[in-house]
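Undergrad: I would like the atomic coordinates for the input below:
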Amino acid sequence: MRLVQLSRESLQFPPPEMALREPNGLLAMGGDLSPARLLNAYQHGIFPWFSPGDPILWWSPDPRAVLLPEHFHLSRSMKRFHQRSPYRVTMNEAFADVIDGCASGREEGTWITFEVKRAWLRLYESGHAHSIEVWNEQKLVGGMYGLALGQIFCGESMFSRQENASKTALLVFCQHFIKHQGRLLDCQVLNPHTASLGALEIPRTDYLQYVQSLAWQPVSDGCWRTQTLF
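TA: I've put the predicted structure just below:
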């Protein structure tokens with residue numbers, strides 16, 4: 001199967017079923033990171049991921065990693081930590097700083113380039129992207145960000161500078177999302193960290209059905225306003 005080259009003139013993507021098996025889920029290359037294209041991609045179960053200096057690559061892997069927020073795995077040690085947590089958790093107070101935190105301090109390097117940061121800031125400014133911040137006193141020590149898609153939250157990245165900070169971000173967000181009728185977190189590709197927190201793999205066809213049914217269903221009022229969550 002051939003990799004599709006996207007043009008800047010059209011926002012259309014090929015069907016996710018056309019994605020390569022090796023590398024798993026690679027669907028297309030090119031195009032741009034405009035808010036309209038990014039929204040269209042996520043609404044069809046597609047996301048960008050590429051290395052600095054490479055063309056933009058678009059993916060729809062099979063299987064897909066997801067987390068049902070009510071199935072977040074709270075270990076006994078994490079429960080004890082959370083009960084005496086020194087952290088404060090907020091939403092949308094420091095979006096740019098969260099992206100910077102996710103981009104820095106990774107031994108393997110980062111795909112969150114200046115171009116990617118700029119694209120996500122535009123999504124945030126238009127009300128589509130959101131961040132969860134974890135603070136220890138006035139210091140940002142962890143967080144996560146992603147895209148709101150109806151009752152789905154497409155998580156992009158998270159970071160942690162102190163003990164259990166990223167776990168705290170996800171735990172508190174899952175509790176908040178449930179209260180506001182959120183149904184699913186997209187984790188894209190399973191890794192040991194997300195698996196330990198309750199994420200699992202489902203067939204791509206199942207994920208696309210979730211998108212079709214949930215992406216157009218609103219969460220309840222107040223879900224995405226700037227606020228303190230914990």
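
Undergrad: which residues in the protein form helices?
TA: For the chain, the helices defined by DSSP state H occupy 35-42, 76-83, 95-103, 114-125, 165-179, 192-196, 204-214.

Undergrad: What are the contacting residues of the fifth one?
TA: Translated: helix 165-179. The contact list for helix 165-179, computed with C-beta atoms under 8 Å, 6 or more residues apart in numbering, reads 67, 69-70, 72, 74, 78, 82, 85, 87, 89, 91, 132-134, 136, 141-144, 153, 158-160, 182, 185, 193, 197, 219-220, 223, 229-230. The way it works is simple: take the backbone N, C-alpha and C, and place the C-beta from them, glycine included.

Undergrad: Report the distance from that helix to the chain centre.
TA: With C-alpha atoms, centre = their mean, to the nearest Å as the basis, helix 165-179 stands 13 Å off its chain's centre.

Undergrad: Let's have the helices of the chain in a markdown table, adding mean neighbour count, mean pLDDT and distance to Pro52.
TA: Formatted as a markdown table, the helices of the chain follow (neighbours: other C-beta atoms under 10 Å; pLDDT from 0 to 100; distance: least, C-beta to C-beta, whole Å):
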| stretch | mean neighbour count | mean pLDDT | distance to Pro52 |
| --- | --- | --- | --- |
| helix 35-42 | 18 | 97 | 18 |
| helix 76-83 | 12 | 97 | 34 |
| helix 95-103 | 20 | 97 | 11 |
| helix 114-125 | 16 | 97 | 9 |
| helix 165-179 | 22 | 98 | 23 |
| helix 192-196 | 14 | 94 | 23 |
| helix 204-214 | 17 | 98 | 27 |
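
Undergrad: So which of those helices is nearest Gly25?
TA: Evaluated over the helices of the chain, closeness to Gly25 peaks at helix 204-214, with 8.0 Å, by C-beta to C-beta.

Undergrad: would you put the C-alpha positions of that closest one in PDB?
TA: Output of helix 204-214 as PDB, limited to C-alpha atoms (Å, rounded to 0.1, in the frame of the first residue of the first chain):
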ATOM      1  CA  ARG A 204      -9.000   0.800  15.200                       C
ATOM      2  CA  THR A 205     -12.500   0.100  14.000                       C
ATOM      3  CA  ASP A 206     -13.800   0.300  17.500                       C
ATOM      4  CA  TYR A 207     -12.000   3.600  18.100                       C
ATOM      5  CA  LEU A 208     -13.400   5.100  14.900                       C
ATOM      6  CA  GLN A 209     -16.900   4.100  16.100                       C
ATOM      7  CA  TYR A 210     -16.200   5.900  19.400                       C
ATOM      8  CA  VAL A 211     -15.200   9.000  17.500                       C
ATOM      9  CA  GLN A 212     -18.300   8.800  15.300                       C
ATOM     10  CA  SER A 213     -20.600   8.500  18.300                       C
ATOM     11  CA  LEU A 214     -18.900  10.700  21.000                       C
END
